[in-house]
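Novice: Sequence and predicted structure, then a few things I'm wondering about:
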Amino acid sequence: MKTAILRARLLEAQLDLARCQERAVILLLTGHAVTHKGRLVNELNHWLENRHTEVHALAPSSEERERPYWWRFWRRVPDRGRIGIFIHGWYGDALFARAERRLSPGAFRDRLAEIRAFEAELAAEGVVLLKLWMDIDRPAQRRHLQALQADPVRAWQLNDTDWQRHLQHAVIDALGREMREATAADHAPWHRLDFRDRPAQLRRVGALLHETLVAPPARPTVVPEVVPAVVPEVVPGEAPAPPSIRRAEPRVAAPLKKSDYAERLVEAQGRLAINAREMARRRIPVVLAFEGLDAAGKGGGIHRITEALDARQYRVHRIAAPSDEELALPWAWRFWRRLPADGRIALFDRSWYGRVLVERVEGLAPEAAWRRAYAEIREFERQLLAHGAVLGKLFLAISQEEQLRRFEARAATPHKRHKLTDEDWRNREHWEDYQRAIDEMFARTQAPGAEWALIACDDKRRARLAVLEQVNRRLEMRLASPH
């Protein structure tokens, strides 16, 4: 195909992608040094409509180092209708760290497993991946390096790292083969491009991108789970058996007296303030996820926590229906982007568990999507723990009778009526469906360091103290750990 025709067809396919907004495309280039990656991307950009294209060639910033590893890539996933181009991306980190022995063989294999899970989740959410390995043999690489170095106009393009990669050519070649074999999939294929003149390379890259844009996407049905060689020791011992909403402790008959509650509240909040300051000093991030039945008291429990904290240290995220921006991206993106920096606290009033609760029960997500989400959630939480975060998951439960009483009290109180919606009444009609979904959620997402705390909330005072106790307990377990 002539270059002019290819260029026109590629642009037409990109504009169709932008108009339909049904999927996003990621083009990732990695491989050996001095194989024209940067210049190819620059020239490809002249072929494409830049308003619908994003290019990322990045080293981690200080902001990114304070969050789980994959945060830096999740926040750069392109919207549907756009093309994201990554130079090296998540592969360069793994490849060069292993070549320089900053990653052990086991850690390298773990990273490849994380990549498989990440790419499968993207593909399942409508992100199409095209991965290019830019190849060059060692003699040709050396000749090209020498030619660049001798050219006063282009010598600035070289640095010491390029020569280091040349010395590591055999190692990088072997690791590249291992990496490609471990991460190739129908939904994330690899293409190997031999080093040649730039016009020929550009035509080849343009043709592959055009094929990707016009071909039907391949989507995985199952997201692979990562089983790391070393499980991070966050909470000692094994996770207890998951709780059950149907086997919750009997409701307390006698409400806690107001005077007793006030005394215990001050004590629990004082303890939390001390623990939170120490977490900040040690730069340990905290993620607290609150789920629960309507009117169970999530907001009240969160308020009692934040009363004890420095406002500069925490942020409360109240999760509602996704915005238009969030709907244009994979469902987990809006939770990744809200993760706290090291030493900070994020409180989620409803969380990623909406995928397997309200979206399941209300039919807002296809069955295949919410069933796949269990593995995606486990991997998300595993990465939080691997980064060193403390993860607290609290489910607040009330009886049907108490929920009805609170609904009626809200309806009769002018300053509380806004809390009661038609959706709340409709959810009561699905009580049994929610009970089944909650129990399955507990069973399939319980893990060491990510255990569920089930809190009976018919008595608001006891429930709020129980919330504080659970949070204090998790912080103190981490602070007592040598890790």
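Specialist: Okay, I see it.

Novice: Most distant residue from the centre of the chain?
Specialist: No residue in the chain sits farther from the centre than Ala150, which is 45.2 Å out by C-alpha atoms, centre = their mean.

Novice: ok, the residue nearest to Arg39 when sequence neighbours are not counted to Ala453 distance?
Specialist: For Arg39, the nearest residue in space outside its immediate sequence neighbours is Arg198; the separation is 6.3 Å by C-beta to C-beta, 6 or more residues apart in numbering. No exception for glycine: its C-beta is placed from N, CA and C like everyone else's. Distance, Arg198 to Ala453, using C-beta to C-beta, to the nearest Å: 59 Å.

Novice: between the two, which one's more packed in?
Specialist: Remark: of Arg198 and Ala453, Ala453 carries more neighbours, 17 against 11, as counted by other C-beta atoms under 10 Å.

Novice: burial count for the closest residue to the more buried one other than its chain neighbours?
Specialist: Once flanking residues are discounted, Ala453 sits nearest to Gln470: 4.4 Å by C-beta to C-beta, 6+ apart. Here the number of neighbours of Gln470 (other C-beta under 10 Å) works out to 19.

Novice: Surely Gln470 touches Leu394?
Specialist: Yes - with the criterion set as C-beta atoms under 8 Å, Gln470 and Leu394 qualify as a contacting pair; they are 5.9 Å apart.

Novice: where do the contact lists of these two overlap?
Specialist: For the pair Gln470 and Leu394, residues contacting each of them under the criterion C-beta atoms under 8 Å, 6 or more residues apart in numbering are Ala453, Ile455.

Novice: which residues touch Leu288?
Specialist: The contact partners of Leu288, taken as C-beta under 8 Å, 6+ apart, are Ile305, Ile345, Ala346, Leu347, Phe348, Gly392, Leu394, Val471.

Novice: For Val127, grab phi and psi.
Specialist: Comment: the main-chain dihedrals of Val127 come out as phi -100, psi 120, following degrees, to the nearest 10.

Novice: Pull the number of nearby residues for the closest residue to it other than its chain neighbours.
Specialist: For Val127, ignoring the flanking residues on the chain, the nearest one in space by C-beta to C-beta, 6+ apart is Ala24 at 4.8 Å. By the measure other C-beta under 10 Å, the count of residues near Ala24 is 24.

Novice: Can you name the residues that contact Ile302?
Specialist: Going by C-beta under 8 Å, 6+ apart, Ile302 touches Phe290, Val316, Leu347, Asp349.

Novice: Of the residues you listed - the most surrounded one?
Specialist: Each of those was scored for neighbours by other C-beta under 10 Å, and Phe290 scores highest at 27 neighbours.

Novice: That one touches Gly301, doesn't it?
Specialist: Yes - with contact defined as C-beta under 8 Å, Phe290 reaches Gly301; the gap is 6.6 Å.

Novice: Just the element for Thr161, please.
Specialist: Here Thr161 sits within helix 160-167, counting by DSSP states H and E.

Novice: what sits up against that helix?
Specialist: His32, Ala33, Val34, Phe96, Arg138, Gln141, Arg142, Leu145, Ile172.
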